[in-house]
Structure formats: structure tokens, C-alpha cells
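Visitor: coords please:
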Amino acid sequence: MARPDREALRALGEALPPLGEARPLPGLDEYLGFYGLDVPRQLPGVDYRLGTVASGHYQLAVHCWQQAGARHNLLLVHGYLDHVGLYRHLIRHALARGCNVVAFDLPGHGLSTGTPAGIEVFREYGDAIRDVLAAVEQPDLPWQAMAQSTGGAALIEFARRHPPWPFSGTVLLAPLLRPAGWRRVFAAHALLHRFVATVPRAFTRNSSDRSFLDFLRQDPLQPHRIQMNWVGALRRWLAELPLQDLGVGPALLVQGDADTTVDWRYNLPRYGKLFPGLRIELVPGAGHQLANESQPLRERYLKVVDRYLGW
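Guide: Residues are numbered from 1 along each chain as shown. Here you go, the predicted structure:
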């Protein structure tokens, strides 16, 4: 499938109707084909909807896959600099195991509105989850959640600010707390944030899947600059976050030991304080981008996920 250009994707995002309204969308087939999200063509009986949900001053692009006979609803939350189009492996895996799937682009990501890769406060990520769950019309089935990296921080903010917790099972993939090299990042932000709004992004080797890394560099929805306000929001979030029981029960945390994006050795015990009873699954050789690791590594940890969530 040919790569859609940035302008075509911007036009698609601007044309999205409110979730639940049917409207022809020029460019949708190209978007779904390029990102491998044209699931209904491969899994008969799966219904797909795409539309927007308002969250504060953002319009969030929300994707819903629904199928007869499903046993669970899954909320999938992506990581920083990602978007739903990069999560085809997890979406297909969940659908094949009898889940309906809801996934959305975080503010400033993908087809959602907002400053690209920016955020003022992490609270807005938790508010986004609240607003999406309130807006989607899914069958009355148990809800589960799976979040990658910054998606884990979004779930924490949702848990802190918007009880009650609706999820019967929670999976965290390389969740964000303190990034790797945090002291250096902290110092650079303190020095530069008054003078520059963005800094260049470096594409790192965060997966052992070389085809994914090549795809990522060609992805027209990838931000090429890091917003300093996002780093500032992270600084404030880390300073203010109480490392205590969120009161939402345990979770499964999957972490690659080759991850150089988050400071996982620092983060794991602290996630244990937030989710007492936390189960940790360490994946040797896996990088940060667990949603797009090589197939053998994905299959390894997804077997654990299947057992944990009862899929």
C-alpha cells in the first residue's frame, strides 16, 4: 500500500465526524491499508468505526472494532510519539481472542488534535481515557486495559482522578515513570525550556524488528521534534505523583531488559507500590517498543498476557 502523505492524513483527521456518525471519509482506505488496520477484510464479522470524541479542547480520534460473540472489551492506550496505526499486532491479537477493541490517539498524536507530541499537564491524558470510555458504545462486557509506555502514565492519571476503576485486568507494556538518562534530560530542560520550544527527535533502536524501525522512519504521522512542554509536564508529574497504592488492584507489567528508553530498574519497584501485587514479566532481549518487537519476542510475552487476562 502506498504511503499517504502528511497533508492527506491531516485532511482525514479534520474530516472525522463525531463517533457514532456515519460519513464517507476520503483517504480512509489508504490510511487503514498503509497501517495494516483494515482488519474487517481479514477477520469477517468485525465491525469498525472511526470518529472523534471531545476531551477538553482536544478532538480525539477514536477507533472501535466490535464483533459478535466477544467476551471482553479492551482499551488499548499507545505510548509517546506513537499512534493507533502502529498497534496493528496487538489489535489483531486481541480481536482473534474474542475481544472488542477501543483505541484512540492521545492528544497531539496521530489523527487527534493538539500540538504534535506536546501536552501541558499529564492530567489531560487521564481525562482523555475518561472521555473516551464515557463516549464509546460497547456491549456490556468486562473491560480490560493494555497500555504501552506513556499509556501507562495515562492509566495512572485516570486511576488517580476518575474512580471507580472499570478494568478487571490491566497490562502495562514498558510503562513510563522515569525515562533513561533522566538527570541529563532534567538538566537540559531546566537550561533550555525558556529559550526553545522544541528539540530534534532522535530515532532510537527501540525494537529488534528492523522492518518496523524502517517503517517508523517513513511514517508520515511521526513527530520529528520533542516538545519542551511535554518534558516539563513529565517533570511536574514525577514530582507530584504519590508512590502509593492506587486502589485499583494488581497488574501485569511486561518489560524488556534491552529497553534504553525508560529507566526500568528504577521504575519497576515503584510501579509495585502503585499496583500492589504487581506481576512482572521480564523479556530478555526486548526493547522499549514491545507492541512492535520481533514476532518471536511478541509471541513470548503475549502468551503470558493471554493467561493473565483469561483470553
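Visitor: Could you pull out the strands in the stretch 1-150 of the chain for me?
Guide: For the stretch 1-150 of the chain, applying DSSP state E, counting those that start in this stretch gives strands covering 46-55, 58-67, 72-77, 99-104, 143-148.
Visitor: Pipe the ones you listed into a markdown table and attach distance to A8 and mean pLDDT per row.
Guide: The way it works is simple: take the backbone N, C-alpha and C, and place the C-beta from them, glycine included. Converted to a markdown table, the strands of the stretch 1-150 of the chain look like this (distance: least, CB to CB, whole Å; pLDDT from 0 to 100):
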| stretch | distance to A8 | mean pLDDT |
| --- | --- | --- |
| strand 46-55 | 15 | 96 |
| strand 58-67 | 15 | 97 |
| strand 72-77 | 25 | 98 |
| strand 99-104 | 21 | 98 |
| strand 143-148 | 26 | 98 |
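Visitor: Put together a markdown table for these, with mean neighbour count and distance to A187 on each row.
Guide: Below are the strands of the stretch 1-150 of the chain laid out as a markdown table (neighbours: other CB atoms under 10 Å; distance: least, CB to CB, whole Å):
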| stretch | mean neighbour count | distance to A187 |
| --- | --- | --- |
| strand 46-55 | 19 | 33 |
| strand 58-67 | 23 | 31 |
| strand 72-77 | 25 | 30 |
| strand 99-104 | 26 | 34 |
| strand 143-148 | 25 | 27 |
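Visitor: which one of those strands lies closest to K273?
Guide: Evaluated with CB to CB, those place strand 143-148 nearest to K273, the distance being 17.7 Å.
Visitor: contacting residues around whichever helix or strand comes after that closest one?
Guide: Using DSSP states H and E, the next helix or strand after strand 143-148 towards the C-terminus is helix 150-161. Contacts of helix 150-161 with the rest of the structure, by CB atoms under 8 Å, 6 or more residues apart in numbering, involve 76-80, 106, 122-123, 125-130, 145, 147, 165, 170, 172-177, 237, 241, 246-248, 271, 274.
Visitor: Distance to L90 for the strands of the stretch 1-150 of the chain - can I get that in a markdown table?
Guide: Listed next are those as a markdown table, based on distance: least, CB to CB, whole Å:
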| stretch | distance to L90 |
| --- | --- |
| strand 46-55 | 15 |
| strand 58-67 | 12 |
| strand 72-77 | 6 |
| strand 99-104 | 8 |
| strand 143-148 | 7 |
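Visitor: quick one: which of the ones you listed is nearest S211?
Guide: Nearest to S211, of the strands of the stretch 1-150 of the chain and by CB to CB, is strand 143-148 at 18.7 Å.
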